[in-house]
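Novice: Sequence and predicted structure are below.
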Amino acid sequence: MISNQILQNTIEGLKSITRIDLGVMDTDGKTLATTFPEPGDYENAVLSFVESPAESQVIQGYQFFKIYDEHQLEYILIANGGSEDVYMVGKIAAFQIQNLLVAYKERFDKDNFIKNLLLDNLLLVDIYNRAKKLHIDTEVKRDIFIVETSRERDVSALDSLRSVLGGKGKDFITAVDEKNIIVVKELGPGDGYPEMDKTAHEILDLLKAEGEENIRIAYGTIVNDIKEVSKSYKEAKLALDVGKIFFDEKEVIAYSALGIGRLIYQLPIPLCKMFIREIFEGKSPDEFDEETLTTINKFFENSLNVSETSRQLYIHRNTLVYRLDKLQKSTGLDLRVFEDAITFKIALMVVKYMKYMETLEY
């Protein structure tokens, strides 16, 4: 259904061109939009016209027109004056609103289809049949972006994205819950993940310019058929969740960049606790002091390179070796040995995952 604001903008635009006042009423005579200086009492005249078989009629110096949504009478348009010129303007206005009804209904049908497609609510045969009826290409490359803002039901963010991306090709911008905005992006033949990352940052910059805060954007893998859109959506959703745990410093995260974090996220908490207990004998790797944790993280960042790590920490190589030896004595793991380093890195991620899941319980 067209909003009253859209109706108001439409008739105000027509008045600015024609200098003729217009009004749009519902079938009960209630005013939805008007350019008349003073509100008029048209209820009885509208009700009488609704019952009349005429499609247009002059009543008390005003032109009345019927506007249909398919075969259902939806609006009554009033034009100020009974002349032929006013009649022509009224017909043009009625035609314009009629086309708006068709356009908005088509957009609603497409929006409804895309939502059900994302949520995997459609049978395979229904996907292709409905896509054909809605003139949506089924065999093009697409990717799914999920945009999370700090506000629920963020209509302004949704409208901003629609205004910028909605007119580009055949992209779709919708929402399936109160928290996230979903962008179904159609890709060109040569587009790949660099273009996806660029688009994500463009969306990020746009929303920041609009005053949005705490924005997180995630996107799934590129799919080549419309039936796989729900797969990309699930991947983007997983990327958004996993990114909050292991990549909390990143505002944009791709499913393909989740690495081992994607596997850890799917582990049951009891199994995680058992793993930590067996590896560290009841201790937790995040109980180390700040100096030790900094050393460990920098050592991992530099791919277990002792010389580079000591240089970046501004400490002597022997000091770093001493810290690693000390860590080996307390944990039984030598971070200079690849297998032990992997075990320790996974343990740190598992602890981070468990702590995040604990915050969701409160």
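Specialist: That came through, no problem. What you are looking at is a predicted structure, and each value in this text was computed from that prediction instead of being measured.

Novice: doesn't residue 300 fall inside a helix?
Specialist: Yes: counting by DSSP: H, G, I helix; E, B strand; the rest coil, residue 300 is part of a helix.

Novice: Please, where are all the helices along the stretch 251-362 of the chain?
Specialist: Here the stretch 251-362 of the chain has its helices, by DSSP state H, counting those that start in this stretch, at 261-265, 269-280, 290-301, 306-313, 317-331, 338-361.

Novice: My error: substitute the stretch 1-150 of the chain in the last question.
Specialist: Going by DSSP H, counting those that start in this stretch, the stretch 1-150 of the chain shows helices at 4-18, 43-51, 84-118, 124-133.

Novice: Okay, the residue nearest to residue 8 when sequence neighbours are not counted and residue 125: tell me how far apart.
Specialist: Spatially, and ignoring its direct neighbours in sequence, residue 8 is nearest to residue 33 (4.0 Å; Cβ to Cβ, 6 or more residues apart in numbering). Using the backbone N, CA and C atoms, a C-beta is placed for each residue, glycine as well. Distance, residue 33 to residue 125, using Cβ to Cβ, to the nearest Å: 42 Å.

Novice: can you give me the mean pLDDT across stretch 128-143?
Specialist: Stretch 128-143 carries an average pLDDT of 89.

Novice: buried residues in it?
Specialist: Residues 128, 130, 131, 136, 140, 141, 142, 143 are the ones in stretch 128-143 that count as buried (16 or more other Cβ atoms under 10 Å).

Novice: Any idea how far that stretch is from the middle of the chain?
Specialist: Its chain's average C-alpha position is 20 Å from that of stretch 128-143, according to Cα atoms, centre = their mean, to the nearest Å.

Novice: between residue 33 and residue 125, which one's more packed in?
Specialist: Between residue 33 and residue 125, counting by other Cβ atoms under 10 Å, residue 33 is the more crowded of the two (22 against 8).

Novice: So for that one, what's the pLDDT?
Specialist: With respect to pLDDT, residue 33 has a value of 91.

Novice: before we move on, the earlier item: export the buried residues of stretch 128-143 to CSV and append columns for distance to residue 54.
Specialist: Shown next, in CSV, are the buried residues of stretch 128-143 (distance: Cβ to Cβ, whole Å):
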residue, distance to residue 54
128, 44
130, 38
131, 41
136, 39
140, 48
141, 52
142, 49
143, 52
